[in-house]
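In: based on what follows, work out the 3D shape:
(one chain, ligands or ions: 1)
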Amino acid sequence: MTGTTALNGKNGSCWTATAGPTSYSPLEGSIHAETVVVGAGIVGLTTALRLCEAGRSVIVLEALRVGRQVTGRSTAKITTQHGLIYHDLMRNLGQPTAQSYADANRAGVRQILDWAAAHAIDCDLETRAAYTYTADPARRGEIEAEANAARQLGLDAEVLDRAPLPFSTAGALRFPDQAQFNPARYAIGLARAVEKLGGRIFELSRAVSIDEASRWRVVTDNGTAHAENMVVATNMTVKSPVGMANRTQPRSHPVMAFRIDDPTRLDGMFLGIDNPTRSIRTGRDDAGPLLVVLGPKFNTGQDADVARRFVELESWARANLPVGAAAWRWCNEDYDTPDRLPYVGEPDPDKSPGFHIATGFNAWGISNGTAAGILISDRILGQSCPWEKLYDPARPYDKEFHINGQSQSIVGSFDEIGPGEGGVLVSGEKKIAAWRDETGELHTVSATCTHKGCTVSWNNADRTWDCPCHGSIFAADGSVIHGPARKALPPASL
Ligand code: FES
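Out: Now for the predicted structure:
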């Protein structure tokens, strides 16, 4: 059983809440295009728009709503500054790899800025400097090493004695002229541009099966899409000819957005490298300016008390930043990889030609995700892409992530589950995921993840069932929010 903590802020992302509606119809019947893209987030829509710009035919299938999933829950920094990464990449993988990573992300940033202007996308895009800071004088050398590495790769970087933050810091790395935006609005803008160029977009159209007949075929509840090229852009792939499970680790972060009187007091986007990690930026919703603060990552589905993370984050924000009432709170999700590089491209071009995936953005999915869309579209257009090798999805990996498939929410009886709480009851062969609503009624579904059978945990902040193995997330009623699972947790009872 997990806690009863009352959390401040509305459960949901401030970006998706203010993105405005979309109303693309679900797919019905059988249709064909040269390329079908599964997933209307930043990767899928970048791929689709580039293909449409080249005059190619594209179908985009979104299981829920455009831009409201992983993209709409990110902190949406448009930057080549990814904490401390370039020094690490140079040391571990060599200068050419680090250069390629810098180039890919620079191209991703440029593409976003170009499209936002060209398509007049109303996405609260603002130029900001990016800062990576430490409050620990002993870590100042790491900031300097990162600045040196970044400069060697052609990035504009300077070291400051302190970050422009209202609390004490001991050094900061500054990249000028980066940007921030509302990622859900941006995704919706991309979708409109795709549609204008003849691309077809379908919402509420979950891919329930993907297979290969004479060409690729995606089946949804009410329709089928056929294509020569298949792009699975669902954060974690819902299908791949090369297994991604052992080479990725699902991670979540708690994020909160607070009211703030004067957003100009925080001029920049900030990432702390000390433990616990903090990320800070401004934003806005329909009611006015916000300060968005993110806390340290945790393994998805492996924390028995996610709510505690929000309590800690709010307490830190109140002690250190000029925040007012908590407005929004949510968990985001992404996948880490052993070498900190994403997996993008054709995993098996000989056996599965035309099948493309993109995953493992290590929490930097805005620029990396756009670079992924550039790469995939280049390949479909028969062009080479300079970061093809960098993102090779079949490259060897030297570290396997340890998967802990245990539920964190085991209870001995349903009586232990209070209003608003959830728990997993194991009885013989049966595993029941139960949550009790505020009226006291108990709702039960199977606790066995429909991906590969691990037992889900209750996320007591988002009120979701999170799988500890590969990061599938299910709503309290069992419906799928995030794959790799494609099927809901079915109703179940003792
Ligand atoms: Fe793979 Fe649940 S996500 S078993």
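In: every contact and neighbour count from this point should use C-alpha atoms.
Out: Noted.
In: mind listing what the residue in the stretch 301-450 of the chain positioned nearest to the ligand touches?
Out: Residue nearest to the ligand within the stretch 301-450 of the chain: residue 449 (4.6 Å; Cα to the nearest ligand atom). By Cα atoms under 8 Å, 6 or more residues apart in numbering, residue 449 lies in contact with 455, 456, 467, 472, 485, 489.
In: go with 7 Å
Out: Residue 449 sits next to 455, 456, 467, 489 when contact means Cα atoms under 7 Å, 6 or more residues apart in numbering.
In: of these, list those near the ligand.
Out: residue 467 (Cα under 6 Å from any ligand atom).
In: and the contacts of residue 449, which is closest to the ligand?
Out: Distances from the ligand to these, taken by Cα to the nearest ligand atom, are shortest for residue 467, at 4.6 Å.
In: follow-up on the earlier one: closest to residue 365 out of the contacts of residue 449?
Out: residue 467 (21.2 Å; Cα to Cα).
In: tally of neighbours for the closest one?
Out: 36 (other Cα atoms under 10 Å).
In: not counting sequence-adjacent ones, nearest residue to residue 112?
Out: Leaving out its chain neighbours, the residue that sits closest to residue 112 by Cα to Cα, 6 or more residues apart in numbering is residue 370, at 7.5 Å.
In: and the one you found, that's in a helix?
Out: Yes - counting by DSSP: H, G, I helix; E, B strand; the rest coil, residue 370 is part of a helix.
In: now the residue in the stretch 151-300 of the chain that the ligand sits nearest to: closest residue in space that isn't a chain neighbour?
Out: Residue of the stretch 151-300 of the chain nearest the ligand, by Cα to the nearest ligand atom: residue 245 (7.8 Å). Distances taken as Cα to Cα, 6+ apart place residue 470 nearest to residue 245, at 6.4 Å, with adjacent residues excluded.
In: can you tell me how far that neighbour sits from residue 456?
Out: 11 Å (Cα to Cα, to the nearest Å).
In: so which of these two has more stuff around it?
Out: Taking neighbours as other Cα under 10 Å, residue 470 and residue 456 compare with residue 456 leading, 35 against 29.
In: so that one makes contact with residue 447?
Out: Yes - if you go by Cα atoms under 7 Å, residue 456 and residue 447 touch, sitting 5.5 Å apart.
In: show me what residue 226 bridges to in the sheet.
Out: residue 32, residue 217 (DSSP bridges).
In: all helices in the chain, in order from the N-terminus.
Out: 14-17, 42-53, 86-93, 95-118, 140-152, 183-196, 306-320, 365-380 (DSSP state H).
In: which strands or helices does the third one pack on?
Out: Under the contact criterion of 3 or more Cα pairs under 7 Å, 6 or more residues apart in numbering; DSSP states H and E, helix 86-93 touches helix 95-118, helix 140-152.
In: out of the ones you listed, the one nearest the ligand is which?
Out: Checked against Cα to the nearest ligand atom, the stretch from these lying closest is helix 95-118, at 28.5 Å.
In: do you know how far the residue nearest to residue 245 is from residue 244?
Out: Counting by Cα to Cα, the gap from residue 470 to residue 244 is 9 Å.
In: can you check residue 377 too?
Out: Residue 377 is 21 Å from residue 244, by Cα to Cα.
In: for these two, indicate the residue with more neighbours.
Out: More crowded of residue 377 and residue 244, by other Cα under 10 Å: residue 377, with 27 against 20.
In: follow-up on the earlier one: let me know the closest of the contacts of residue 449 to residue 332.
Out: residue 467 (14.3 Å).
In: pretty sure the closest one sits against residue 453.
Out: No - the criterion here is Cα under 7 Å, and residue 467 misses it with residue 453 at 9.3 Å.
In: quick check, residue 345 in contact with residue 353.
Out: No - look at residue 345 against residue 353 with Cα under 7 Å: they stay out of range, at 10.7 Å.
In: so between these two, which is more surrounded?
Out: Neighbour comparison, residue 345 and residue 353: the larger count goes to residue 345, with 27 against 15 (by other Cα under 10 Å).
In: retrieve the pLDDT associated with that one.
Out: For residue 345, the pLDDT comes out at 97.
In: what do you get for residue 212?
Out: Per the predicted model, pLDDT is 89 at residue 212.
In: next: residue 318.
Out: Residue 318 is given a pLDDT of 98.
In: got the contact list for residue 300?
Out: 250, 251, 252, 466, 467, 468, 471.
In: run a quick neighbour tally on the first one.
Out: What it means is residue 250. 27.
In: and for residue 487?
Out: 18.
In: what residues does the protein put near the ligand?
Out: Going by Cα under 6 Å from any ligand atom, the residues of the chain near the ligand are 449, 451, 452, 453, 454, 467, 469, 470, 471, 472, 484, 485.
In: I'd like those as CSV, with pLDDT and distance to residue 127 appended.
Out: Listed next are the residues of the chain next to the ligand as CSV, based on pLDDT from 0 to 100; distance: Cα to Cα, whole Å:
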residue, pLDDT, distance to residue 127
449, 96, 42
451, 94, 41
452, 92, 43
453, 93, 45
454, 94, 43
467, 96, 37
469, 94, 38
470, 94, 35
471, 94, 33
472, 96, 34
484, 93, 35
485, 94, 37
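In: so residue 61 sits right up against residue 201, yeah?
Out: Yes - using Cα under 7 Å, residue 61 is in contact with residue 201, at 6.1 Å.
In: would you check that residue 199 makes contact with residue 59?
Out: Yes - Residue 199 is within contact range of residue 59, at 6.0 Å (criterion: Cα under 7 Å).
In: the more surrounded of these two?
Out: residue 59 (26 against 23).
In: so that one versus residue 51, what's the distance?
Out: 11 Å.
In: go on, residue 426?
Out: 49 Å.
In: who's more crowded, these two?
Out: residue 51 (25 against 16).
In: thanks a lot, see you next time.
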